[in-house]
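# Pasting the sequence and the predicted coordinates here, then a few questions.
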Amino acid sequence: MFGYPGGAVLPIFDKLYDAPFSFILTHHEQAAAHAADGYARVTGKVGVCIATSGPGATNLTTGIATSFMDSIPVVAITGQVKTHLIGNDAFQEADVTGITRPITKHNYLVKDVRDLARIVREAFHIASTGRPGPVAIDIPVDVQTHETEFNWPEEVEVRGYKPTYFGHPGQIKKAARLIAKSKKPLIYAGGGVIISGASAELKALAEKLNTPVTMTLLGLGGFPGTHPLSLGMLGMHGTAFANYAIMNADLVIAIGARFDDRVTGRLDAFAPHAKIIHIDIDPSSISKNVKVDIPIVGDAKHILNQLLEELDKVPDTKEWISAIEQWKQKHPLTYKEGTRIKPQYIIEQIYEATNGEAIIATEVGQNQMWAAQWYKYNKPRRLLSSGGLGTMGYGFPAAIGAKVGSPKRQVFDIAGDGSIQMNIQELATAVTNKIYVKVAILNNGYLGMVRQWQELFYKRRYSYTPLCNPDFVKLAESYGAVGLRATKNQEVRPTIEKALATDNVVFIDFQIEPEENVYPMVPAGEAIDRMIGGMA
Ligand SMILES: Cc1ncc(C[n+]2csc(CCOP(=O)(O)OP(=O)(O)O)c2C)c(N)n1
Ligand SMILES: [Mg+2]
C-alpha cells in the first residue's frame, strides 16, 4: 500500500502502524496513486493507495484518472470528514465521490461501518475483473472508529455487473471465415492482450496465420518486439511500415485495443480497405470510434483460444509479408548520429546493457516515444507508460511501484527533464525505502514534445518550452541517491553500466541534442500514412 497520512485517515493509519503488509510513505499523494498503478501493471494484482480527505484526495485524482484511462486495477482509499459534516464545507472536505465518478470504474462512500467489509471486497473484485480500472472508497473518519462484527463475504454479487469472458460462438465462426478469405491480414494488439494474459495465444495466432502484428503503446510486449512478424508500434509515432500495413490491410484483427485517436489519425481515412474484427471485453468500446464488421465481446485470452480452435483454413500471406518486408527495408526506424548524444542511442544502449530484461517506465513527451520505439519489449508487463491520459510525472513513482512489485528486476524510468520535476520529491521515498530504481533523464533543456510541435507548426516560436533545470546530479546526491552525468557518446554505455552496478537509486543526467525530434510523425488530424520526417 502506498499513501500519505492526514487527519481524516488517522484511525486507519493507527492500524497501519502494525499491519502485516508493507506500507510505503510517498511524498505526494499523486505519487502514491502512480506507485499503486505501477505495482499493478507489473504484477497484474490490484495496487492500493490511501490519502486523507480534501487536498489529499484531490492530489490522488491525477493518478486515479491515469489508471482509469489505461484500465489498471487500483483501489484508492480516502478519508472523509465526519458523516454529519458532509456537505457543510467542513475543514478539508471535498466531494470525493463526485470528483472521482468520471475517473473511476466505480466508487463508494461508506456511510455505515457494517457495509465496510462488503465494500472493500467488492472494490477489489470490480477493480480487477472485466475491463479493470480504479475503484475509490471514501470513508468518513467517524465510520473508521465505529465497531462491528467482522464479516468477510466469500462471494461477491454486484447487481448489474457481469463481465462477459467467452466470445459468442457464432461471431467466432464468422471471424474464422473472414480470416481464411483474407489476403492481407494484420493484427492490431492493445493493452487488453497484456491485461488478459493472452500473449502466448496471440503469438500462436500470429504464427498460425503468418500474420504481422502491430501494437499500441500499451500493447508493446504483448507480442515479442524482436519477432519477425512484429511491426512495432503504430500511430502518430509508430513505424512507417506499421502504418503502411494498416492502411493497406484487407483485414484488421483488433485485440484489446480501442482505436484511440493517437492510433487512428484521421478517422475517415483509417484502414480504408479493411474489414475489422474487434475483440474487446468492454462492449462500450465496440464501434465507438471506428465501425467494426465483426465485434466479439469477451476476454482476449479465451477468445483467441476459441478462435485458434475454430480456424481450420488459414490465409496465404506470402505476398503480403513480402510487401511488408519491402516497407521495412525502405523505411526503417532510423536516426542520424550527431555531435551531441542522441536519445535514441541511449535507449538502444539501455536495451543492450539490460539484455532487454528491464522494466521500463516512462514519463510523457519525446522521452516516452523514444522509449516505445527503441527498446524492444519481448515480454508483457515490462513497459509502464501513461498512454491514455499522458501524465507527466507518472514514470518515476510508477517505477517505484514496479520495483516493489518486482524487486529482483532492474527498473528504469526513461524521463524528460520537465516530467521528472513533477514528482522529483519521490527521490526521498526511493532512497528511504531502498527501492533502487534508475532514472535516465533525457535532458534536452526543453519541454521537448511541445517544442517539437512549436518547431513544426508554430514557426519555431518556443513559447515557454525552454527549461531552467536544477543540477540533477547534485539534487540526487542531496537525497542520498547517486547522480551521474554523460555529455558525450562514449560516456553513454559506461554510465549505464555504472548505474546498473550501483546499489542505490541513480539519476543519470544525459545531456542530449536539444532539438532532436521524434520521427516518424503523423501530424494531428492527418491520415496515418501521411508521415513526416525520419523516413529513409
Ligand atoms: C501533467 C501534464 N502537463 C502537461 C502536459 C503536456 N506535455 C506533454 S509532453 C510535454 C513536455 C514534456 O517535457 P519533458 O518531460 O522534458 O519531455 P521531452 O518531451 O523533452 O522528452 C508537455 C508539457 C502533460 N502531458 N502532462
Ligand atoms: Mg525535455
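Perfect, thanks for sending it. Ligands and ions are numbered 1, 2, ... in the order given.

# nearest spatial neighbour of the residue nearest the centre of the chain, skipping sequence neighbours?
Central residue of the chain (Cα atoms, centre = their mean): residue 385, 3.5 Å from the mean position. Excluding its sequence neighbours, the residue lying closest to residue 385 (Cβ to Cβ, 6 or more residues apart in numbering) is residue 362, at 4.4 Å. In this view, the C-beta of every residue, glycine as well, is placed from N, C-alpha and C.

# That neighbour contacts residue 374, correct?
No: judged on Cβ atoms under 8 Å, residue 362 makes no contact with residue 374 at a distance of 11.4 Å.

# quick one, which of the two is more surrounded?
For residue 362 versus residue 374, the count of surrounding residues by other Cβ atoms under 10 Å is larger for residue 362: 28 against 21.

# From residue 521, how far off is the more buried one?
Here the distance between residue 362 and residue 521 works out to 17 Å (Cβ to Cβ, to the nearest Å).

# Over to residue 77?
To residue 521, residue 77 is 41 Å away according to Cβ to Cβ.

# Would you mind measuring from residue 444 to residue 471?
Shown here: residue 444 relative to residue 471, a distance of 16 Å by Cβ to Cβ.

# Between the two, which is the more surrounded one?
A side-by-side neighbour count of residue 444 and residue 471, using other Cβ under 10 Å, places residue 444 first with 27 against 12.

# quick one, what contacts the nearest residue to the more buried one once chain neighbours are set aside?
With Cβ to Cβ, 6+ apart as the criterion, residue 444 has its nearest non-adjacent residue at 4.8 Å, and that residue is residue 514. Contacts for residue 514 (Cβ atoms under 8 Å, 6 or more residues apart in numbering) come out as 340, 444-446.

# can you map out the helices along the stretch 151-300 of the chain?
If DSSP state H, counting those that start in this stretch is used as the criterion, the helices of the stretch 151-300 of the chain fall at 169-181, 191-195, 199-209, 240-248, 261-264, 300-310.

# Which neighbouring elements make contact with the last one?
By that I understand helix 300-310. With contacts defined as 3 or more Cβ pairs under 8 Å, 6 or more residues apart in numbering; DSSP states H and E, the packing partners of helix 300-310 are helix 169-181, helix 191-195, helix 199-209, strand 275-280.

# Which one (most neighbours) among the contacts of residue 514?
For the contacts of residue 514, counting by other Cβ under 10 Å, the largest number of neighbours falls to residue 444: 27 neighbours.

# ok, it to residue 336 distance?
Taken as Cβ to Cβ, the spacing of residue 444 relative to residue 336 amounts to 16 Å.

# got the contact list for the closest residue to ligand 1 within the stretch 201-350 of the chain?
Shortest the stretch 201-350 of the chain-to-ligand 1 distance, computed as Cβ to the nearest ligand atom: residue-wise this is residue 343, at 7.5 Å. If a contact means Cβ under 8 Å, 6+ apart, then residue 343 has 366-367, 370, 442, 444, 510, 512-513, 516 as its contacts.

# Tell me who's in contact with residue 111.
When contacts are taken as Cβ under 8 Å, 6+ apart, residue 111 is in contact with 83, 140, 143.

# Just confirm the last one is within a strand.
No: the secondary structure assignment for residue 143 gives helix rather than a strand, going by DSSP: H, G, I helix; E, B strand; the rest coil.

# Quick one: closest of the helices and strands packed on helix 300-310 to ligand 2.
Nearest to ligand 2, of all the helices and strands packed on helix 300-310, is helix 191-195, at 25.5 Å by Cβ to the ion.

# rewinding a little: what would the helices and strands packed on helix 300-310 look like in TSV with mean neighbour count and mean pLDDT?
Rendered in TSV, the data for the helices and strands packed on helix 300-310 read as follows (neighbours: other Cβ atoms under 10 Å; pLDDT from 0 to 100):
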stretch	mean neighbour count	mean pLDDT
helix 169-181	17	98
helix 191-195	28	98
helix 199-209	19	98
strand 275-280	25	98
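
# Adding distance to ligand 2, write the ones you listed out as TSV.
Shown next, in TSV, are these (distance: least, Cβ to the ion, whole Å):
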stretch	distance to ligand 2
helix 169-181	44
helix 191-195	26
helix 199-209	32
strand 275-280	35
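
# ok, which stretches of the stretch 1-150 of the chain are strands?
Listed from the start of the chain, the stretch 1-150 of the chain has strands (DSSP state E, counting those that start in this stretch) covering 2-3, 24-25, 47-51, 74-80, 106-109, 134-140.

# Pipe these into CSV and attach mean pLDDT and mean neighbour count per row.
Putting the strands of the stretch 1-150 of the chain into CSV (pLDDT from 0 to 100; neighbours: other Cβ atoms under 10 Å) gives the following:
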stretch, mean pLDDT, mean neighbour count
strand 2-3, 98, 30
strand 24-25, 98, 18
strand 47-51, 98, 29
strand 74-80, 98, 29
strand 106-109, 98, 20
strand 134-140, 98, 27
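
# Go through those and name the closest to ligand 2.
Distances from ligand 2 to each of the strands of the stretch 1-150 of the chain were compared using Cβ to the ion; the minimum, 26.5 Å, belongs to strand 2-3.

# Identify all contacting residues around that closest one.
When contacts are taken as Cβ under 8 Å, 6+ apart, the neighbours of strand 2-3 outside the stretch itself are 9, 23-26, 29, 31-33, 35-36, 39, 47-51, 77, 401.

# quick one: strands adjacent to it?
For strand 2-3, the paired strands and their directions (DSSP bridges) read strand 24-25 (parallel), strand 47-51 (parallel).

# what residue ranges in the stretch 151-300 of the chain are flagged as low confidence?
Across the stretch 151-300 of the chain, no stretch falls below the confidence threshold (pLDDT under 70).

# I'm done for today, thanks for sticking with me.
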